[in-house]
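1. here's my sequence, what's the structure:
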Amino acid sequence: MKMPSDIPAARPQSNPTGPENGADAASFPPPAFGPRQLRRAIWLIFILWTAAVVVSAVWNVRVMRAAMMDAAERDARDSFSRDMLYLTNSANMTRQMHELKAREDGALGHITSLKPLRRENTPDAWETAVLRSFEKGRTEASSRQLYQGRPYLRFMKPLVTEAVCLRCHAAQGYHEGDIRGGISVAVPLTPYLALAQTRMWYIVGAHAGLWALAVLGIFVGGHQMGQRLDRQVRAEWETRHQANFLRYNPNPVLELSAAGEINCFNDATMEMARALGRDNPAQILPPGTAALVHECLATGKPKLRVETRLGARIISWSFFPVKFDNSVHGYAGDITDRKQAEEALRHSETKFRTLYDSTRDAVTLADTNGFFDCNQAALAMFGFATREEFWAKHPADLSPLVQPDGTDSLTSANRRIAAALEKGGDHFEWMHKRANGEIFPAEVLLSAMELDGRPVLQGVIRDITERKRMEEKLRQLSRAVEQSPVSIIITNTAGDIEYVNPKFVEVTGYPMAEVLGRNPRILKSGDKNPESYRELWQTITAGKEWSGEFHNRKKNGELYWELASISPIRDPAGRVTHYVAVKEDITDRKRTEAERDRLIFDLQKALANVKLLSGLLPICANCKKIRDDKGYWSQVENYIQQHSEATFTHGICPECMKKLYPDLVKNGIGSSTR
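-> Predicted coordinates for the structure are as follows:
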């Protein structure tokens with residue numbers, strides 16, 4: 001290696017910026033005719049040549065078609081001239097010549113008139129129109145027509161009335177000089193069109209061949225010219241770059257010979273060496289520089305990002321071969337800060353990946369092409385072994401064919417993805433499918449973001465199977481409470497009503513909206529003493545269940561009896577949060593019990609007047625007859641009358657009334673007192 005005193009240092013002269021920053025372009029303007037201009041010229045020549053060939057082909061085809069039509073018209077005129085010669089003889093001879101001509105070459109002739117003497121001379125529509133135009137001064141007519149289903153050139157000239165013609169046609173009212181008809185000639189165009197088609201293909205083929213040869217020459221010549229121009233521009237650029245890359249480059253850069261020795265360097269290289277505590281630029285080159293230079297020149301490819309550590313700093317070198325002078329340019333950069341930032345980023349990514357994979361919810365990243373990342377929870381939730389298996393799936397592949405609402409999963413998924421990208425996110429429930437085909441409900445939260453310049457959707461997916469199961473249980477419990485045949489009241493710990501079921505509304509007559517937030521004391525009738533209520537509250541606040549009866553009052557003032565059971569409701573920590581009261585309307589039962597007590601009282605009162613009866617009295621378990629001491633069986637009332645001073649009057653008890661006369665009881669006619 002050369003020592004600094006032996007190495008020429010390139011110093012900036014006119015422009016402190018490097019070629020990469022525009023100095024080369026300012027000092028050396030681009031050539032007036034470069035590769036871009038050459039490509040434009042080649043395409044312009046190609047377009048002009050193609051247009052010229054197309055115009056020439058079209059013009060030749062049209063000329064050829066016109067020539068064919070002229071030939072057909074000449075044949076028609078010749079045929080008409082022959083017909084005029086024959087017309088000097090009888091019309092029958094002319095018609096015979098027409099028939100002969102039709103057999104020879106297919107040409108058709110027809111003598112016609114607007115006042116025909118013979119039916120076969122009646123004009124067709126085209127002939128009628130032409131004959132009328134002859135009367136207006138037209139001297140001949142020709143046009144291309146479909147006649148009898150085939151293409152024909154039809155030609156027609158008028159027949160002028162002469163003196164000799166009046167011998168036969170004077171009776172029709174014609175005078176000398178009048179147009180008395182015409183002869184039409186129809187020449188078949190099929191042979192002419194076939195010939196025109198053949199010649200047209202010759203013309204098109206010749207033009208196409210000429211066009212292809214010329215285009216081949218244009219592009220081959222343009223390619224060769226482009227290669228020469230490219231070599232010229234590249235050589236010129238390399239010469240300019242070689243002359244200026246050291247002069248204008250503010251970054252450390254040097255030139256190495258084929259042997260790996262420094263030919264020259266700029267001031268930035270020397271400043272870097274001194275900043276690193278070196279006094280020679282050769283001391284900051286990476287180990288094995290000579291081998292790197294040899295490899296660059298041998299392969300013609302650059303060696304990029306060759307790193308070397310000098311103390312606490314990290315230097316990155318890139319070497320580029322310059323073939324025309326067999327040298328290598330080396331560019332250096334201090335990447336210590338960038339390396340530290342990359343290390344910090346890797347550490348951050350590691351922490352993020354750890355957090356990403358440790359969350360219990362499935363997290364996915366997807367773009368318009370599908371998934372491209374997911375965490376471990378997503379693999380576990382959907383039953384995939386590797387991320388690659390998961391990434392190969394579209395969101396619709398992880399769903400049943402049809403969602404519960406009847407929509408197609410693929411259509412619905414694409415619609416939701418597009419909407420989330422447009423709105424910035426979405427939150428919804430979705431039916432997903434595991435790899436084994438199991439369907440499960442999920443809660444999906446989509447968030448739109450931008451990653452590496454492209455729109456990305458982050459999805460957080462939570463399996464809500466257990467929640468759905470609990471919700472179903474709650475719905476079942478709610479239905480059971482709503483449809484319960486007993487009244488249910490839920491209060492907070494202060495006794496304020498937070499819920500009543502429909503049965504409560506039915507029994508009390510209070511609407512739910514009217515009792516919410518109020519105390520159940522609104523039902524008090526005043527029959528229960530305060531001590532009983534204190535006992536109730538002491539029991540339930542102690543966390544125990546209380547059972548008892550209430551004599552309450554409905555909204556309409558009617559009194560009724562309830563059998564109530566009040567229990568505390570506890571949270572997972574064991575704290576009492578609410579009280580629930582289950583109350584059964586026992587008004588009918590209480591009324592029955594009161595009636596029973598009254599009957600017992602009446603019976604006891606009646607028996608008090610009965611003589612004392614003693615001893616064991618046999619009574620039939622079925623018919624309730626009593627056997628006397630002589631062995632005879634008697635009705636109870638007969639036996640009592642015989643052995644006492646009591647007399648009986650007959651009635652019917654409420655139970656028997658309901659059993660024997662249900663319609664009377666239903667209509668309110670039956671009564672226990674009657």
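
2. for the stretch 451-600 of the chain, just list every one of the strands.
-> 454-463, 487-492, 497-500, 546-553, 559-570, 576-585 (DSSP state E, counting those that start in this stretch).

3. which strands and helices sit next to the fourth one?
-> What that stands for is strand 546-553. helix 530-541, strand 559-570 (3 or more Cβ pairs under 8 Å, 6 or more residues apart in numbering; DSSP states H and E). (Glycine included, C-beta is placed from N, CA and C.)

4. residue 626 is nearest to which of the strands of the stretch 451-600 of the chain?
-> strand 559-570 (38.1 Å; Cβ to Cβ).

5. any idea of the mean pLDDT for that closest one?
-> For strand 559-570, mean pLDDT is 89.

6. what's the burial count for the closest residue in space to residue 620 that isn't next to it in sequence?
-> In space, and not counting its chain neighbours, residue 620 is closest to residue 633: 6.9 Å by Cβ to Cβ, 6 or more residues apart in numbering. Residue 633: 13 surrounding residues under other Cβ atoms under 10 Å.

7. likewise for residue 377?
-> With other Cβ under 10 Å as criterion, residue 377 counts 21.

8. list the contacts of it.
-> 357, 359, 360, 361, 362, 363 (Cβ atoms under 8 Å, 6 or more residues apart in numbering).

9. pretty sure it belongs to a helix, no?
-> Yes - Residue 377: assigned to a helix according to DSSP: H, G, I helix; E, B strand; the rest coil.

10. so what secondary structure elements neighbour the one helix or strand residue 228 maps to?
-> Counting by DSSP states H and E, the element that carries residue 228 is helix 190-248. The contact analysis (3+ Cβ pairs under 8 Å, 6+ apart) places helix 190-248 against helix 23-27, helix 35-87, strand 150-160, strand 253-256, strand 262-266.

11. now the longest one, how far from the centre of its chain.
-> If I follow you right, that is helix 35-87. 55 Å (Cα atoms, centre = their mean, to the nearest Å).

12. what do you get for the last one?
-> If you compare the mean C-alpha spot of strand 262-266 with that of the full chain, they lie 61 Å apart, counting by Cα atoms, centre = their mean.

13. can I get it as CSV, trimmed to CA atoms?
-> Provided in CSV are the C-alpha atoms of strand 262-266 (Å, rounded to 0.1, in the frame of the first residue of the first chain):
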residue,chain,number,x,y,z
ILE,A,262,-5.1,2.8,-3.0
ASN,A,263,-4.6,4.9,-6.1
CYS,A,264,-6.3,8.0,-4.7
PHE,A,265,-8.8,9.1,-2.1
ASN,A,266,-10.8,12.3,-1.1
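
14. show me what it pairs with in its sheet, parallel or antiparallel.
-> strand 9-10 (parallel), strand 253-256 (antiparallel) (DSSP bridges).

15. any idea which of these scores lowest on pLDDT?
-> The bottom spot among the strands paired with strand 262-266, by mean pLDDT, belongs to strand 9-10, with a mean of 44.

16. center of the chain, which residue is that?
-> residue 414 (2.5 Å; Cα atoms, centre = their mean).

17. give me the spatial nearest neighbour of it, chain neighbours excluded.
-> residue 396 is the one closest to residue 414 (Cβ to Cβ, 6+ apart), at 7.5 Å.

18. what about the one you found, distance to residue 342?
-> 38 Å (Cβ to Cβ, to the nearest Å).

19. in terms of neighbours, single out the busier of those two.
-> Counted by other Cβ under 10 Å, residue 396 and residue 342 do not tie: residue 396 has more neighbours, with 18 against 11.

20. my guess is the more buried one meets residue 410, correct?
-> Yes - with contact defined as Cβ atoms under 8 Å, residue 396 counts as touching residue 410 (4.0 Å).
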